[in-house]
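# Sequence plus the predicted model coming up.
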Amino acid sequence: MPQSNPTFQTRLAHSDADLRAAQRLRYDVFVDELGGGGFGVDHTERLESDAFDPVYDHLLLEDLSRTTDPVVGVYRLMPSRRVAEIGQFYTEDEYDISPLRAGGRELLELGRSCLHRDYRGGTALAEMWRALAAYVVDRRIEIMFGVASFHGTNIDEFAQPLSHLYDRHLAPEDLRVKARTENARPMDILPPEQIDRVAAVKAIPALIKGYLRLGGFVGDGAFIDHAFNTTDVCLVIDVNRMSEKHRGFYVPGATT
């Protein structure tokens, strides 16, 4: 159940303690809840981390009414102007994003998004997105992208939603990133006439639906991430192609 009367604050992580708080929430969600793993999981300290963390920005959502562990939401962000510090985006382990890089536009990678279980279904996600909007405006971001996931690695279970995404939301050629390596799987599992649109949309995770409502597209192919126990799709949002309704999302917020 969502917490009642939270006192939300959004800000960027500024210290090692802030980063550890983000990594602790990621452990709770990605490891404890979803059964993920990988080299960066520290079960003793209950932290989920990787080599990208020190370079990325970490957007924190805090509930100041909590006496302990106020961080209840996190987003990991990387503008393209800083990618030289580590050499690649995290997404490039799964997707060929050369169409995005070739455009010479300012990119922002979104990732490691999660909310504490007690804050789902309320206003917490909207608070995080308002802060993300301010970040985007301040840094003049033109394209946002990143992977979002279905829980589980049996792609046949996701035949309906993946086929629907491919049929209705495939990115145009100039934005069409493609899944890479042996873990890539086609998304057009079913022909259009066999897609149950109602069931397919219902099965799409809330975060992916949110990106689609902003005018987002999906890349070509799903990626099976065995370490995180997920089936990933890559979402791409071109700010310049948003409708006026979608652009209303981008208003200055409270990120510091």
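That came through, no problem. Numbering: from 1, shown residues only.
# And the strands in the protein, which stretches?
8-12, 41-42, 47-48, 57-63, 71-79, 95-96, 107-115, 143-151, 178-179, 184-185, 217-218, 222-225, 230-238 (DSSP state E).
# so which of these comes closest to residue 134?
strand 8-12 (8.4 Å; C-beta to C-beta). C-beta: built from backbone N, CA, C; applies to glycine.
# Distance from the chain centre to the closest one, please.
18 Å (C-alpha atoms, centre = their mean, to the nearest Å).
# Direction included, what does it pair up with?
Sheet pairing for strand 8-12, assigned by DSSP bridges, gives strand 57-63 (antiparallel).
# The strand it pairs with: how far from the chain's middle?
Centroid displacement of strand 57-63 relative to its chain, using C-alpha atoms, centre = their mean, is 14 Å.
# re the thing from before, let's have the strands of the chain in a markdown table, adding mean pLDDT.
Converted to a markdown table, the strands of the chain look like this (pLDDT from 0 to 100):
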| stretch | mean pLDDT |
| --- | --- |
| strand 8-12 | 97 |
| strand 41-42 | 90 |
| strand 47-48 | 94 |
| strand 57-63 | 97 |
| strand 71-79 | 97 |
| strand 95-96 | 97 |
| strand 107-115 | 95 |
| strand 143-151 | 95 |
| strand 178-179 | 98 |
| strand 184-185 | 97 |
| strand 217-218 | 98 |
| strand 222-225 | 96 |
| strand 230-238 | 96 |
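# For this structure, list the residue farthest from the centre, please.
The outermost residue of the chain relative to its centre, with distances by C-alpha atoms, centre = their mean, is residue 193 at 29.9 Å.
# so where's the stretch 1-150 of the chain uncertain?
1-3 (pLDDT under 70).
# can you give me the helices for it?
16-26, 98-102, 124-138 (DSSP state H, counting those that start in this stretch).
# residues in contact with the first one?
With contact meaning C-beta atoms under 8 Å, 6 or more residues apart in numbering, helix 16-26 is reached by 13, 46-49, 53-54, 58, 60, 69-74, 76, 112, 114, 116.
# Any buried residues in it, and which?
Within helix 16-26, the residues scored as buried using 16 or more other C-beta atoms under 10 Å are 18-26.
# How about the longest one?
By neighbour count, and taking 16+ other C-beta under 10 Å as the criterion, the buried residues in helix 124-138 are 124-125, 127-136.
# what's the answer for the second one, then?
Within helix 98-102, the residues that qualify as buried are 99-100, counting by 16+ other C-beta under 10 Å.
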